[in-house]
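Chemist: What follows is a predicted structure for the sequence shown.
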Amino acid sequence: MKETNVNADLSHKTIVLIYMLYFGDMVSITPFLEVLRRAAVGSKIILVMDARFQDAVRYNPNVDVIVPFDRHGKEKGMGATWKLGKKLAALHPDILLTLHGTTRSTILALAMHPKHWGGEAGTRIDSLFMDWPMTIETYNSHAVDKYLKVLERLGVKDLHHSGMRTYTCDAWEKRADDFFRSKGIGEGDRLLGLSVGSSTAEKNWPAKNYGKVADHFAEKGMIPVFFGVPSERKLIDEALSVMKNKTAIIAAGELSMGEFMAAAGRCSLAFTNDSGPMYVFDSRGVPTIAMFGPSNAKFHHPLGPCSKALSSWDMPMGPEHVNKTIASGKYTPISKISVEQVIEAGEEALRKAGK
């Protein structure tokens, strides 16, 4: 499939984006959405995404319409996918961009029949119909940059952006306020955000190390807050088991995705693994220290000026997906990152942020 650069006219169009990846991925495309909005003057931007993670972009001003798709539930089948594509076809899309190609994105595109179709192919069939085929997953640039390169290939010159951003609403902010107030936290209290889990056990820095880090900063007057999902409570309990300070608050399972984004923004500093919460803390302007093991920090590190990635090894650039790296066993375990390294990075981040 021949790839070419084009000077696409993005103005005054109906533009459909297909991107059905996960929570952190939705945050990572926010710079792309910001640049697209600026370049696509007068256009309507429609985002087709996994229904489970729509809070990540629900209030993003650079998206006009979100089309949630329950790809793991009632809309799991190919018939439902085709039906959605025909529904989108009724909107008369001028441009379709598939940011992550799959069999599902192929079916949607064929049913939608846009005037122009670009992005990443999902199947070999796509080569017969795509106007602007592109290789997006090159494993040689940060996740944010690989999507911006799509716009560059379409002729967009101004690629500057304000970093990853998430947006909340008054209801989410109020719920976060109410939660903290119920735990005795006042306006002047400094919060330390911690997220000890991730999608894969091998990506998790030892939970007890998080407890030691939390203790260090609690001694400096910060209140540790453990965020996460209910299934991560066991890891949180491990962290708490080594802590001398007993002021820690458990928020895991207490907040919705949107409420978590609001609550995360209250933190003065955060520690995470390579995970969706890492992107959220960073997108909320919180200095974020992220630990990396088998996943590549060069592709996924937080972007904030006071944030930092710590990696257990100098993973080379190349086509290594994290699951393949884990399966190979050819990496340095994340546990090799020391507590002292993490504390030092956190102290440095606070100094940079003036906190």
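Modeler: The structure has been received and is ready for your questions. Quantities reported herein were computed from a predicted structural model and do not represent experimental measurements.
Chemist: partner residues bridging M222?
Modeler: R190 (DSSP bridges).
Chemist: So it sits against S268, correct?
Modeler: Yes. Assessed by C-beta atoms under 8 Å, M222 is found in contact with S268 at 6.7 Å. (C-beta placed from N, C-alpha, C; glycine too.)
Chemist: So for the two, which sits in the more crowded spot?
Modeler: Between M222 and S268, counted using other C-beta atoms under 10 Å, M222 has the larger neighbour count: 23 against 18.
Chemist: Checking G211 next. Helix, strand or coil?
Modeler: Under DSSP: H, G, I helix; E, B strand; the rest coil, the three-state class of G211 is helix.
Chemist: What score does E3 have for pLDDT?
Modeler: Looking at E3, its pLDDT stands at 78.
Chemist: From N62, how far out is it?
Modeler: For E3, the distance to N62 (C-beta to C-beta, to the nearest Å) stands at 26 Å.
Chemist: neighbour count winner among those two?
Modeler: With neighbours defined as other C-beta under 10 Å, E3 and N62 compare such that N62 has more, 20 against 10.
Chemist: so what's the more buried one scoring on pLDDT?
Modeler: Per-residue pLDDT puts N62 at 98.
Chemist: give me the element the residue lying closest to E254 once chain neighbours are set aside is part of.
Modeler: Nearest residue to E254, sequence neighbours excluded (C-beta to C-beta, 6 or more residues apart in numbering): F179, at 6.3 Å. Here F179 sits within helix 170-182, counting by DSSP states H and E.
Chemist: before we move on, what about A327?
Modeler: Assigned by DSSP H and E, A327 falls within helix 322-328.
Chemist: Count the residues that sit near K234.
Modeler: K234: 11 surrounding residues under other C-beta under 10 Å.
Chemist: ugh, wrong one, I meant E340
Modeler: Neighbours around E340, by other C-beta under 10 Å: 11.
Chemist: Let's see the pLDDT reported for it.
Modeler: 98.
Chemist: Please report how far it lies from A263.
Modeler: 29 Å.
Chemist: swap in K76?
Modeler: Distance from K76 to A263, by C-beta to C-beta: 32 Å.
Chemist: Neighbour count: the two, which is higher?
Modeler: Neighbour count, other C-beta under 10 Å: between K76 and A263, A263 has more, with 26 against 13.
Chemist: sec struct for the more buried one, please.
Modeler: Strictly by three-state DSSP, A263 counts as helix.
Chemist: what is the rounded mean pLDDT of stretch 217-228?
Modeler: For stretch 217-228, the per-residue pLDDT averages 97.
Chemist: Compute the first-to-last residue distance for it.
Modeler: End-to-end distance for stretch 217-228, by C-alpha to C-alpha, to the nearest Å: 20 Å.
Chemist: next one: stretch 178-191
Modeler: End to end - C-alpha to C-alpha - stretch 178-191 spans 15 Å.
Chemist: what about the closest residue to R104 other than its chain neighbours, distance to D177?
Modeler: Spatial nearest neighbour of R104, excluding adjacent residues (C-beta to C-beta, 6+ apart): T81 at 5.2 Å. Remark: distance between T81 and D177 (C-beta to C-beta) = 40 Å.
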